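[1] build me a structure from this.
(chains A, B, C and D)
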Number of protein chains: 2
Amino acid sequence: MTQLDPLESAGLADSVRAAGLKVTAPRLAVLGMLQHAPHSSAEEVFAGVRNELPGTSVQAVYGVLAAFTFAGLVRRIDPASSPALFECRVGDNHHHILCVRCGDLKDVDCVIGAAPCLTPSDTSGFTVYAAEVTFTGLCEPCQKQLVLEGSADQ
Amino acid sequence: MTQLDPLESAGLADSVRAAGLKVTAPRLAVLGMLQHAPHSSAEEVFAGVRNELPGTSVQAVYGVLAAFTFAGLVRRIDPASSPALFECRVGDNHHHILCVRCGDLKDVDCVIGAAPCLTPSDTSGFTVYAAEVTFTGLCEPCQKQLVLEGSADQ
DNA sequence: CCTGTTGTTTTGAATAAGTCAAATCTAGAC
DNA sequence: GTCTAGATTTGACTTATTCAAAACAACAGG
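    Numbering: from 1, shown residues only, chains lettered A, B, ... in the order given. Next up is the predicted model:
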């Protein structure tokens, strides 16, 4: 299943074309990869893409991700203190929740739906496009591990 | 006015001590710098600190900022695609507004006040500590520049 | 189907931001 | 005044990402 299924590939190609971009093998591979593994870093995407398209360069992946992000086909997430992540769930203004211990990142549906889902009281003259919301906390596995470590009094 | 005023210095020293950290010249300089210029990057802090304390190394500044952040004395902001910024306004759970064109960053008071000012509907098992909100948009100068460029049809 | 142009990808190098580690130094407790 | 944990310096290194020039390929038009 490392090969791209032709039906899926056709759908991906349409998305790429619809974004006004040329359809190429690296682009299909990157988009396919992101659908199977959202919240991937450039390196992770690169690793995945290499499986089906061994000749691909890291720079190509960075280029494709930049083009997709600019075209609005994927969304770039910049968590604090870790590489940028990419996802192709786009346009629904959803948010993210980040585990401060292990760095795990999950989607959180927006309560409002449309951007910006919040409006600041005083915008200092800014025109506000969107509100980027990132919740920080502890994921379930990390909570459990902390409890264990705590009871061991270590 | 590159020298630290002794009265101010005493207040800073108290803050540092209260955080359980040793009071040193680089630490006072960093904290003083952040009070005069909030939202400074490590490099900017370093440049400022050098003025009053020429022997200071960049690593010392990184170290001080890390210690302060860990102690809760300063807050670290990680805007997408630019170096981390630091501010010493802390504990009031305020947010930020970022200009997507020039990268300018301003404070925005939180409507709610206490963290987390928002709560996600489905936390995926996470324990949520805080909601990091960053508004993105265009600052006033950038809006004007875009209008000018637009009317020049360039 | 063939060709040309424009946009992509490769190759290779460079950068910015930050981290690590060992040796030296010093603030503050005693 | 002395001692020790913690801070700072020095210097190298890593990670994530970007830049630039040359080779290549998608797809519009003939």
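[2] from the chain's centroid, how far away is the helix or strand bottoming out on mean pLDDT in chain A?
    Here the helix or strand of chain A ranked lowest by mean pLDDT, DSSP states H and E is helix A:140-151, holding a mean of 83. Between the centre of helix A:140-151 and the centre of its chain there are 28 Å (C-alpha atoms, centre = their mean, to the nearest Å).
[3] what's the neighbour count on the nearest residue to A:A25 once chain neighbours are set aside?
    Distance criterion C-beta to C-beta, 6 or more residues apart in numbering or on different chains; nearest residue to A:A25, sequence neighbours excluded, is A:L53 at 5.7 Å. (Each C-beta comes from the backbone N, C-alpha and C, glycine too.) Other residues lying near A:L53 total 17 when counted by other C-beta atoms under 10 Å in any protein chain shown.
[4] do the same with A:A13
    When neighbours are counted by other C-beta under 10 Å, A:A13 comes out with 15.
[5] any part of the helix or strand containing it near DNA strand C?
    Per DSSP states H and E, A:A13 falls inside helix A:6-18. No - applying C-beta under 7 Å from any atom of the strand, one finds helix A:6-18 separated from DNA strand C by no less than 8.7 Å.
[6] helix/strand/coil for the residue in chain A that DNA strand C sits nearest to?
    In chain A, the residue found nearest to DNA strand C is A:A60; the distance is 2.7 Å by C-beta to the nearest atom of the strand. Secondary structure state of A:A60, per DSSP: H, G, I helix; E, B strand; the rest coil, is helix.
[7] was I right to think it contacts A:P26?
    Yes - between A:A60 and A:P26 there is a contact under C-beta atoms under 8 Å: 5.0 Å.
[8] between those two, what contacts are shared?
    Residues touching both A:A60 and A:P26 (C-beta atoms under 8 Å, 6 or more residues apart in numbering or on different chains): there are none.
[9] secondary structure element for A:Y129?
    In this assignment (DSSP H and E), A:Y129 forms part of strand A:127-138.
[10] near DNA strand C, which residues of chain A are found?
    A:21-22, A:24-27, A:55-60, A:63-64, A:67, A:81.
[11] report the two of those residues separated the most.
    A:K22 and A:S81 (35.3 Å; C-beta to C-beta).
[12] derive a PyMOL selection command for the buried subset of the residues of chain A next to DNA strand C.
    In PyMOL syntax, the buried subset of the residues of chain A next to DNA strand C is picked out as below (16 or more other C-beta atoms under 10 Å in any protein chain shown):
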select buried, chain A and resi 21+26+27+56+60+64+67
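[13] returning to that earlier point: assess the claim that the residue nearest to A:A25 and A:P26 are in contact.
    Yes - the pair A:L53 and A:P26 qualifies as a contact (C-beta under 8 Å) at a distance of 6.3 Å.
[14] ok so, going back, return the item of the residues of chain A next to DNA strand C having minimum pLDDT.
    Within the residues of chain A next to DNA strand C, the minimum per-residue pLDDT falls on A:S81 (88).
[15] ok, now which ones touch the closest residue to it other than its chain neighbours?
    With C-beta to C-beta, 6+ apart as the criterion, A:S81 has its nearest non-adjacent residue at 6.8 Å, and that residue is B:D78. Applying C-beta under 8 Å, 6+ apart to B:D78 gives the contacts A:D78, A:P79, A:A80, A:S81, B:A84, B:L85.
[16] one more time with 10 Å, if that's ok
    A:D78, A:P79, A:A80, A:S81, A:S82, A:T134, B:A84, B:L85, B:E132, B:T134 (C-beta atoms under 10 Å, 6 or more residues apart in numbering or on different chains).
[17] sorry, back to before: and the residues of chain A next to DNA strand C, which of them are in helices?
    Cross-referencing these against helices under DSSP state H gives A:A25, A:P26, A:R27, A:V58, A:Q59, A:A60, A:G63, A:V64, A:A67.
[18] nearest to A:A13 among those residues?
    Among these, and counting by C-beta to C-beta, the member closest to A:A13 is A:R27, at 8.7 Å.
[19] wouldn't the closest one be in contact with A:A60 here?
    Yes - using C-beta atoms under 10 Å, A:R27 is in contact with A:A60, at 9.1 Å.
[20] name the residues contacting each of those two.
    Counting by C-beta under 10 Å, 6+ apart, the common neighbours of A:R27 and A:A60 are A:V49.
[21] if we can go back for a sec, report the set of residues contacting both of A:L53 and A:P26.
    Counting by C-beta under 10 Å, 6+ apart, the residues touching both A:L53 and A:P26 are A:A60.
[22] so A:G125 touches B:L138, yeah?
    Yes - assessed by C-beta under 10 Å, A:G125 is found in contact with B:L138 at 9.3 Å.
[23] tell me which of the two has more neighbours.
    Neighbour tally, A:G125 and B:L138, criterion other C-beta under 10 Å: the higher count belongs to B:L138, 20 against 13.
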